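Asker: From the sequence below, what's the structure:
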Amino acid sequence: MERSERVGRVHDVPDHAEPSPATRDSDATARRGPSRRPVRGVLFDFHGTLAQVEDPREWVLAAAAACGVPLERIRATSLADRLVTAGRAGGPLPARVPPRLAELWADRDLYEHAHRGAYTGLAATVDAGIDGFAEALYERVLLPEGWVPYPDTAATLAALRDAGVRVAVVSNIGFDIRPHFAAWGLADLVDAFVLSYEVGRCKPDPAIFWRACGMLGVDPEEALMVGDTPADAGAVAAGCAVLVLPAADAGRPNGLGAVLDLACGGPAGEAPITRS
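Answerer: You can find the predicted model right below:
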């Protein structure tokens, strides 16, 4: 069975906001050059945009400590390098996915069990000699302490709230990140969470962006998607404008403040958005 068929039978994506007829009629005009329109909603990616996973060595040290095993920092660094190469949730794509994990890997952002199984399975390919280590590494990702919000995250979300711009977090992910935002004191600054494993669609599928717009009560042409990958840029196909930020390590600025120039700048909150 094709993955799209399997997903379609399990999940539904109601209440989405598809482009209005006015948007489709204006496509020819938009292609002629830049246009200005109000931004009433901002859709944010999570990992790499609002927050980053903790330093790999600290991740390994914390997981080993949870297993009751203290590690020397030199050994922790070596293990971290091998584990990141094998595949870390929130990290770069693995160098290789073993065939026995292929199905779990394909569905990792659609089901909680697949997400856990894929990443614990990848971690288990690295022999650390620590009982329960792969599970402890995964559990660390589920904790707010295992992530670091970017320096501009709180200020950017607060400024959007003050400007009356609605905010959604749209993430390809296999676990609930709402507790993370609550622990960071940011939950009240987010109007909606649209998580792939809950809605059964993954970016760049336009349906996940339409769902986010519907939950915010804004039309796609009034929404700005902010992310750091080509999957986030897929929001263009849903009718949204897109801002792609550069990758940045945990704790380092990633240019998130540029969102305010687009969403809150110009007369009456209008932002210069070029549509392709």
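
Asker: Helix, strand or coil: sort out the closest residue to Val244 other than its chain neighbours for me.
Answerer: Residue nearest to Val244 in three dimensions, not counting chain neighbours: Ala233, with 5.7 Å by CB to CB, 6 or more residues apart in numbering. All C-beta atoms are positioned from the backbone trio N, CA, C, and that covers glycine. On the three-state scheme (DSSP: H, G, I helix; E, B strand; the rest coil), Ala233 is labelled helix.

Asker: same question, Leu43
Answerer: strand.

Asker: got it, and Pro204?
Answerer: Relying on three-state DSSP, one would call Pro204 coil.

Asker: just to revisit the earlier point, pLDDT at the residue nearest to Val244, what is it?
Answerer: You'll see Ala233 listed with a pLDDT of 95.

Asker: which ones are touching it?
Answerer: Ala233 makes contact with 204, 225, 227, 242, 244 under the criterion CB atoms under 8 Å, 6 or more residues apart in numbering.

Asker: any chance you could read off phi and psi for the closest residue to Pro151 other than its chain neighbours?
Answerer: Spatial nearest neighbour of Pro151, chain neighbours left out: Pro253 (5.3 Å); criterion: CB to CB, 6+ apart. Backbone geometry at Pro253, expressed as degrees, to the nearest 10, gives phi -60, psi 140.

Asker: residue ranges of the helices in the protein, please?
Answerer: 3-10, 21-25, 27-31, 56-66, 73-86, 102-106, 112-124, 133-141, 153-162, 178-183, 196-199, 206-216, 230-233, 258-263 (DSSP state H).

Asker: to the chain's geometric centre, what's the distance from the fifth one?
Answerer: Between the mean C-alpha location of helix 73-86 and the chain-wide mean there is a distance of 24 Å, by CA atoms, centre = their mean, to the nearest Å.

Asker: before we move on, back to that, out of the contacts of Ala233, which is most surrounded?
Answerer: Met225 (28 neighbours; other CB atoms under 10 Å).

Asker: Please name the nearest non-neighbouring residue to it.
Answerer: Ala235 (3.6 Å).

Asker: does the one you found really touch Ala207, like I thought?
Answerer: No - using CB atoms under 8 Å, Ala235 is not in contact with Ala207; the gap is 11.3 Å.

Asker: Compare these two (neighbour count), which wins?
Answerer: Taking other CB under 10 Å, Ala235 and Ala207 do not tie; Ala235 has more neighbours (29 against 17).

Asker: And that one, how far from Val42?
Answerer: 11 Å (CB to CB, to the nearest Å).

Asker: and if you look at Thr153?
Answerer: With CB to CB as the criterion, Thr153 and Val42 are 12 Å apart.
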